[in-house]
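**Q** Next one to model:
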Amino acid sequence: MGEKSAYILVLMVVSLLGLGIVMLLSTSVFIADRADIYHDVHRQLVWLVLGVITCIVFAVVDYRFWNQSRWVWFWLSCTLLVLCFIPPFAQPANGSYRWVGGGEFGVDFARLQPSEMAKLAVIFMIAGWCANSEGRIREVRAGFIYPLGIALIPVALISIETDMGTAALLTCVTLTMLFVAGSRIWLFAGSAILSVLVLALAVIQNPNRWQRFVAFLDIEAHKMGLGLQQWRANLALGEGGVSGLGLGEGREKLMYLPGRL
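**A** Predicted structure coming up:
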């Protein structure tokens with residue numbers, strides 16, 4: 001069963017990658033301000049090759065190495081997250097500090113998003129912690145508070161960037177791993193309530209998020225402002241339905257959508 005599950009997982013990943021390349025090819029060719037209309041596709045293919053090589057390396061290397069070096073990856077990712085706010089390494093875009101790069105040193109292509117490394121680093125750390133604390137996983141401190149507190153370090157840094165989606169994802173992954181490892185169930189109810197309160201506070205305290213939330217509640221009234229993307233999505237759904245207009249026939253890609261990095 002385990003071997004079959006691996007095949008199914010690989011098949012799903014390959015299918016999603018293929019679909020993503022096709023969709024990118026269908027949309028990016030309409031960017032008129034570039035001499036190479038396939039620029040995004042070429043760049044995506046380069047990162048795809050690098051990603052496949054990285055996956056092979058991770059699969060070949062003994063899993064015990066990742067366990068033994070988990071703290072190195074954890075603190076390395078935290079350091080890179082801090083560098084997102086420190087010039088000349090910081091590469092802010094659209095008001096968010098999510099990237100580090102070497103643009104100031106003449107290396108324009110060297111641009112990384114440390115939160116992606118943090119995802120793997122937190123998984124390594126939580127998995128190693130649960131494995132080494134197997135006999136104490138039912139304890140409140142060793143089985144819940146300590147590992148969650150450690151994971152919240154990169155989560156807090158990612159939240160400040162601001163990237164609430166990735167921060168929420170890392171929190172959910174951490175709690176799920178602790179749940180599967182056998183932490184006490186009643187602790188997760190309190191964590192869920194606290195997470196909702198923190199999320200609500202983050203929305204209320206940030207004017208942009210609050211305005212987007214209000215726009216979502218009344219898209220028609222904000223269709224030329226913060227509700228534009230949702231409004232255009234409704235138009236696309238109304239025009240093409242669930243199945244769409246067909247490959248390459250969509251019209252929303254013709255420079256109707258706002259905001260490109």
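**Q** domain assignment for the protein?
**A** Listed domain ranges for the chain are 1-60, 63-187, 206-261 (source: automatic domain parsing).
**Q** And the helices in the stretch 101-250 of the chain, which stretches?
**A** For the stretch 101-250 of the chain, the helices defined by DSSP state H, counting those that start in this stretch cover 114-132, 140, 146-160, 164-181, 186-205, 207-217, 228-240.
**Q** need those helices in TSV with mean neighbour count, can you?
**A** Placement of C-beta: from N, CA and C, glycine included. Compiled in TSV, the helices of the stretch 101-250 of the chain are given as follows (neighbours: other Cβ atoms under 10 Å):
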stretch	mean neighbour count
helix 114-132	20
helix 140	13
helix 146-160	19
helix 164-181	17
helix 186-205	12
helix 207-217	13
helix 228-240	14
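**Q** Redo those helices as a markdown table? Include mean pLDDT and distance to Val10.
**A** Output for these, formatted as a markdown table (pLDDT from 0 to 100; distance: least, Cβ to Cβ, whole Å):
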| stretch | mean pLDDT | distance to Val10 |
| --- | --- | --- |
| helix 114-132 | 92 | 18 |
| helix 140 | 87 | 39 |
| helix 146-160 | 92 | 28 |
| helix 164-181 | 89 | 21 |
| helix 186-205 | 81 | 31 |
| helix 207-217 | 79 | 37 |
| helix 228-240 | 82 | 31 |
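**Q** Next, format those helices as JSON lines and append distance to Glu249.
**A** Listed next are the helices of the stretch 101-250 of the chain as JSON lines, based on distance: least, Cβ to Cβ, whole Å:
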{"stretch": "helix 114-132", "distance to Glu249": "33"}
{"stretch": "helix 140", "distance to Glu249": "57"}
{"stretch": "helix 146-160", "distance to Glu249": "38"}
{"stretch": "helix 164-181", "distance to Glu249": "30"}
{"stretch": "helix 186-205", "distance to Glu249": "37"}
{"stretch": "helix 207-217", "distance to Glu249": "28"}
{"stretch": "helix 228-240", "distance to Glu249": "8"}
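**Q** Minimum distance to Ala93: which of those helices has it?
**A** helix 114-132 (13.7 Å; Cβ to Cβ).
**Q** Which other helices and strands does that closest one contact?
**A** If contacts are counted by 3 or more Cβ pairs under 8 Å, 6 or more residues apart in numbering; DSSP states H and E, helix 114-132 sits against helix 63-68, helix 70-83, helix 146-160, helix 164-181.
**Q** distance of the closest residue to Tyr146 other than its chain neighbours from Gly143?
**A** Closest residue to Tyr146 apart from its sequence neighbours, by Cβ to Cβ, 6 or more residues apart in numbering: Trp129 at 7.6 Å. As judged by Cβ to Cβ, to the nearest Å, Trp129 and Gly143 stand 9 Å apart.
**Q** and Val198, which of the domains of the chain is closest to it?
**A** Nearest of those (Cβ to Cβ): domain 63-187, 9.1 Å.
**Q** Would you enumerate the residues in contact with the residue positioned nearest the centre of the chain?
**A** Centroid-nearest residue in the chain, with Cα atoms, centre = their mean: Thr166, separated by 4.5 Å. Shown in contact with Thr166 (Cβ atoms under 8 Å, 6 or more residues apart in numbering): Ser115, Ala118, Lys119, Ile158.
**Q** And those residues, which is closest to Ala200?
**A** Nearest to Ala200 among the contacts of Thr166, counting by Cβ to Cβ, is Ile158 at 18.4 Å.
**Q** tell me the contacts of the closest one?
**A** Contacts of Ile158 by Cβ under 8 Å, 6+ apart are Leu81, Ser115, Ala118, Thr166, Ala167, Leu170.
**Q** 10 Å instead?
**A** 77, 81, 84, 98, 114-115, 118-119, 164-171 (Cβ atoms under 10 Å, 6 or more residues apart in numbering).
**Q** Ile150 now?
**A** Counting by Cβ under 10 Å, 6+ apart, Ile150 touches Trp71, Phe74, Val122, Met125, Ile126, Trp129, Thr174.
**Q** Reformat the residues you listed as a markdown table; add distance to Val41.
**A** Putting those into a markdown table (distance: Cβ to Cβ, whole Å) gives the following:
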| residue | distance to Val41 |
| --- | --- |
| Trp71 | 38 |
| Phe74 | 34 |
| Val122 | 31 |
| Met125 | 35 |
| Ile126 | 36 |
| Trp129 | 40 |
| Thr174 | 35 |
